[in-house]
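*Asks:* I'll drop the sequence and a predicted model, then ask my questions.
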Amino acid sequence: MKQSDAPIPLCESCSFESSSLFKTLTKDEIDIVNYEKDFRQYKRGDVLYQEGNRINGFFCVNKGIIKVFKTGFDGKEQIIRFAKRGDIIAYRSVITNELACTTAEVIEETHVCFIPSDILLKLVKTNPSFSFELMLLTCHELEEANSYITDIAQKTVRERLAEVLIHLYDEFGTDENGFLNISLTREELANIVGTATESVIRLLSEFKSDKYIELQGRKIKVKDTRGLEKLSNILG
């Protein structure tokens with residue numbers, strides 16, 4: 001983490017975004033969060049928190065991309081999700097008062113607001129609308145986890161990689177040249193799919209030959225979304 005040299009974002013700005021959890025807060029509650037939070041900046045490779053450690057607050061992402069993963073017995077990462085602007089992470093460990101069950105590592109320069117545990121717990125107890133939105137968020141993440149478990153059990157690696165590429169395309173969009181707005185190593189892709197890095201390298205080469213994608217170093221351009229959807233069995 002480096003010293004903050006960017007302007008501290010105000011919660012008023014984030015709360016205007018329809019997807020923000022903080023849109024339910026009153027002006028007084030927003031003022032409290034603004035006063036109590038700690039603005040932090042991280043570069044690629046920095047770790048916000050580590051699996052097995054106790055967390056005394058949660059993070060709201062203002063800029064950048066963070067990967068959230070679990071570590072297997074063999075030391076291999078299993079990426080659970082990516083957090084981007086507007087997302088919050090580590091809130092479940094705060095609510096349950098348990099040790100962190102995941103690790104959060106920056107993959108693209110990130111600005112976050114760190115909000116102390118007592119603020120989150122107070123909002124949960126005193127603001128029903130906030131509690132409801134938080135419950136919806138938890139249910140959505142649980143649904144995604146259930147879908148992932150189903151995919152691991154029932155889909156081939158080829159199908160899972162195609163689905164991951166579609167998911168990244170839908171979630172992060174593309175730059176002016178059509179490449180995904182997220183740059184991942186082949187190992188990171190493998191850690192999402194749940195397979196060996198060599199398998200991902202081979203399959204990406206096949207997808208390129210079949211004109212589904214275009215590759216430029218780490219950058220990936222999805223050229224045939226419909227083809228990847230069919231390949232992934234998203235369409236049934």
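*Replies:* All right, it came through fine.

*Asks:* Show the contacting residues for the residue nearest in space to the middle of the chain.
*Replies:* The centroid of the chain falls nearest to Phe82 when counting by Cα atoms, centre = their mean (1.8 Å). Counting by Cβ atoms under 8 Å, 6 or more residues apart in numbering, Phe82 makes contact with Ile65, Ile66, Lys67, Val68, Ile107, Glu171, Phe172, Ile182. In short, each C-beta sits where N, CA and C put it, glycine included.

*Asks:* Restricted to buried residues, select the residues you listed in ChimeraX.
*Replies:* To isolate the buried subset of the contacts of Phe82 in ChimeraX, counting by 16 or more other Cβ atoms under 10 Å, use the following:
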select :65,66,67,68,107,182
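
*Asks:* Which of the contacts of Phe82 fall in helices?
*Replies:* Using DSSP state H, the subset of those located in helices is Glu171, Phe172.

*Asks:* Could you export the contacts of Phe82 as TSV, including pLDDT and distance to Glu214?
*Replies:* What follows is the contacts of Phe82, written out as TSV (pLDDT from 0 to 100; distance: Cβ to Cβ, whole Å):
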residue	pLDDT	distance to Glu214
Ile65	95	21
Ile66	96	26
Lys67	94	24
Val68	93	28
Ile107	93	21
Glu171	90	19
Phe172	92	16
Ile182	93	15
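
*Asks:* now, among the contacts of Phe82, which is nearest to Glu141?
*Replies:* Each of the contacts of Phe82 was scored against Glu141 by Cβ to Cβ, and Val68 proved nearest at 10.1 Å.

*Asks:* Dig out what that closest one forms beta bridges with.
*Replies:* Note on Val68: beta-bridge partners by DSSP bridges are Arg81, Ala104.

*Asks:* Pull the residues that contact the helix or strand harbouring Leu165.
*Replies:* Using DSSP states H and E, the element containing Leu165 is helix 157-172. For helix 157-172, contacts defined as Cβ under 8 Å, 6+ apart pick out 65, 82, 84, 151-152, 155, 180-182, 184, 189, 192-195, 199-200, 203-204, 207, 212-213, 220, 222, 225, 228-229, 231-234.

*Asks:* 6 Å instead, please
*Replies:* 151, 180-182, 192-193, 195, 199, 203, 222, 228-229, 231-233 (Cβ atoms under 6 Å, 6 or more residues apart in numbering).

*Asks:* and after that helix, which helix or strand comes next?
*Replies:* helix 186-193.

*Asks:* what packs against that next one?
*Replies:* When contacts are defined as 3 or more Cβ pairs under 6 Å, 6 or more residues apart in numbering; DSSP states H and E, helix 186-193 sits against strand 77-83, helix 157-172, helix 197-209.

*Asks:* Quick one: closest of those to Ile55.
*Replies:* Smallest distance to Ile55 across the helices and strands packed on helix 186-193 (Cβ to Cβ): 14.4 Å, for strand 77-83.

*Asks:* list the buried ones in the helix holding Leu165?
*Replies:* Within helix 157-172, judged by 16+ other Cβ under 10 Å, the buried ones are Val157, Arg158, Glu159, Arg160, Leu161, Ala162, Glu163, Val164, Leu165, Ile166, Leu168, Tyr169.

*Asks:* now do stretch 115-129
*Replies:* Ile115, Pro116, Ser117, Ile119, Leu120, Leu123, Val124, Asn127.

*Asks:* Filter these down to just the ones in helices.
*Replies:* The helices, defined by DSSP H, take in Ser117, Ile119, Leu120, Leu123, Val124 from these.

*Asks:* And these, which is closest to Asp38?
*Replies:* When those are compared against Asp38 (criterion: Cβ to Cβ), the nearest one is Ile119, at 11.1 Å.
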